[in-house]
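Visitor: mind looking at a prediction? Sequence and model below.
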Amino acid sequence: MTHKPLRLHLDSDALVANWRWLQERGGAPAGAAIKADGYGVGARAVLDKLAEAGARDFFVSTWDEAEALGDLPEGVRLAVLHGVGPDDGEAAANSAARPILNSMAQVSRWRAMAPERPCDLMVDTGMNRLGLSLEDLGTVEGLTVDTLHSHLACADEDHSMNTRQLERFRDAKARFDAARYSLANSAGTCIGPDYGFDLTRPGLALYGGIPRTEARGHIRPVVTPEAQILQLRTLKAGESIGYGATFVADRDTPVAILNIGYADGYPRNLSGHGHVRLANTNLPLIGRVSMDLVAVDITRSPDWREGDWLPLDFDLEQVAEQAGLSQYEVLTGLGTRYGRRWS
């Protein structure tokens, strides 16, 4: 097996604890969005761990993501968020997953393909992205609908759109008879049980993201990137390190060069902000984050050897703020060089 030059340490207990808190907070069974390979941490592993904890509903974006999961554990349900497009017929026909139909064209397509198979519907309540209109919803017939969904546009902030969409979804629920109803993503779940209905669809918060302030102190970090030391060196006083010579040492400084960079999803904007975290000791990154390398000042913890692994701080909320990115971008931007190790 090829040695992976980087690894992600992934905390199973934190993942399950986050799911349980979201389920309690939302006042409804919590599913799990595992699209984009489980937001970068590994979709199949997330599915297995959460299914063992009691989760039954999982969501991917596309049929190839559904296929990549393989056979599902007994009792697990999978839905495809992008529905069934003009080229999806064969994949959808051969999959146990349900499409979430987003347009009248998709409704017609599924009705012609497999009207006896359960499907889901997405109704647009204000996102104006995917989904049937409320008017179109009233014309849908001849389908076996498991879950009627909608999606919140502004749930990560206190915005009037939240109550507006909640009211519209209640209206849709009154108009259309489905087995279940689902509105809330991670942020919507954090708002509270009014948004829970029969099923929530958390994603970001499962993996350690903080979608709203209510989650702070409850959602635990899941992901820690770890990189190996490629070289140890002493940066002499007055010398610079890295591109642009942005850092100049004011003293002789022991430095570890790690094999991680922005090609691995470690943001370049963490230059001057990022650090290695060892228990209660932070070792600062110095100089610029480059494509494959970062430099770390190891003055406060100098006893390392080449080949040792160091954990980089990956508090998603903090890293995203420092990097000028969303937490979603930080998490899903993790590259393919990592081995993934669950504890």
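Guide: Structure received.

Visitor: CA atoms for contacts and neighbours, from now on please.
Guide: Fine.

Visitor: who touches the spatially most central residue of the chain in this structure?
Guide: Nearest residue to the geometric centre of the chain (Cα atoms, centre = their mean): residue 39, 3.4 Å. By Cα atoms under 8 Å, 6 or more residues apart in numbering, residue 39 lies in contact with 203, 204, 207, 328, 331, 332.

Visitor: tell me the confidence at it?
Guide: Note on residue 39: pLDDT of 97.

Visitor: now it: how far from residue 179?
Guide: Distance, residue 39 to residue 179, by Cα to Cα, to the nearest Å: 28 Å.

Visitor: show me what the helix or strand harbouring residue 58 is packed against.
Guide: If you go by DSSP states H and E, residue 58 is part of strand 57-60. The contact analysis (3 or more Cα pairs under 8 Å, 6 or more residues apart in numbering; DSSP states H and E) places strand 57-60 against strand 32-33, helix 35-39, strand 77-80.

Visitor: return the most buried member of the ones you listed.
Guide: Of all these, strand 32-33 has the most neighbours on average by mean count of other Cα atoms under 10 Å, namely a mean of 28.

Visitor: poorly predicted segments of the protein, please.
Guide: 1-2 (pLDDT under 70).

Visitor: how does it look with 90?
Guide: Applying pLDDT under 90 to the chain picks out residues 1-5, 279-280, 335-336.

Visitor: what's the longest strand in the chain?
Guide: Of all the segments of type strand in the chain, defined by DSSP state E, the longest one is strand 223-235.

Visitor: what sits up against that one?
Guide: For strand 223-235, contacts defined as Cα under 8 Å, 6+ apart pick out 5-11, 41, 207-208, 241, 249, 252-260, 305-314.

Visitor: filter the residues you listed to the buried ones?
Guide: The neighbour-count criterion (16 or more other Cα atoms under 10 Å) marks 6-11, 41, 207-208, 241, 253-260, 309-314 among the contacts of strand 223-235 as buried.

Visitor: just give the nearest non-adjacent residue to residue 192, would you?
Guide: Among residues not flanking residue 192 along the chain, residue 26 sits closest, at 5.2 Å (Cα to Cα, 6 or more residues apart in numbering).

Visitor: burial count for the one you found?
Guide: Number of residues near residue 26 (other Cα atoms under 10 Å) recorded here: 29.

Visitor: cool, residue 240 as well?
Guide: Neighbour number of residue 240 under other Cα under 10 Å is 17.

Visitor: tell me the phi and psi of it?
Guide: Torsion angles at residue 240 (phi, psi; degrees, to the nearest 10) stand at phi -100, psi 170.

Visitor: which residues touch the closest residue to residue 111 other than its chain neighbours?
Guide: If the residues on either side of it in the chain are set aside, residue 111 comes closest to residue 143, at 6.7 Å by Cα to Cα, 6+ apart. Residues counted as contacts of residue 143 (Cα under 8 Å, 6+ apart) are 111, 115, 116, 117, 118, 119.

Visitor: hmm, who's touching the helix or strand hosting the last one?
Guide: So that's residue 119. Element membership for residue 119 (DSSP H and E) is strand 118-122. Contacts of strand 118-122 with the rest of the structure, by Cα under 8 Å, 6+ apart, involve 79, 98-102, 130-132, 143-150.

Visitor: mind redoing it with 7 Å?
Guide: Strand 118-122 is contacted by residues 98-102, 131-132, 144-150 when judged by Cα atoms under 7 Å, 6 or more residues apart in numbering.

Visitor: so which of those belong to strands?
Guide: Among the contacts of strand 118-122, DSSP E puts 98, 99, 100, 101, 144, 145, 146, 147, 148, 149 in strands.

Visitor: OK, contacts around the fifth one?
Guide: So the one you mean is residue 144. Going by Cα under 7 Å, 6+ apart, residue 144 touches 115, 116, 117, 118, 119.

Visitor: how about stretch 55-69 as CSV, C-alpha atoms only?
Guide: Extracted C-alpha coordinates of stretch 55-69, given in CSV (Å, rounded to 0.1, in the frame of the first residue of the first chain):
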residue,chain,number,x,y,z
ALA,A,55,-28.9,7.4,12.1
ARG,A,56,-31.1,6.1,9.3
ASP,A,57,-31.2,8.8,6.7
PHE,A,58,-28.3,9.9,4.6
PHE,A,59,-27.9,12.4,1.7
VAL,A,60,-25.6,12.6,-1.2
SER,A,61,-25.6,15.0,-4.2
THR,A,62,-25.2,12.7,-7.2
TRP,A,63,-25.8,9.1,-8.3
ASP,A,64,-22.1,8.4,-8.6
GLU,A,65,-21.7,9.4,-4.9
ALA,A,66,-24.5,7.0,-4.1
GLU,A,67,-22.9,4.2,-6.1
ALA,A,68,-19.5,4.8,-4.5
LEU,A,69,-21.0,4.0,-1.1
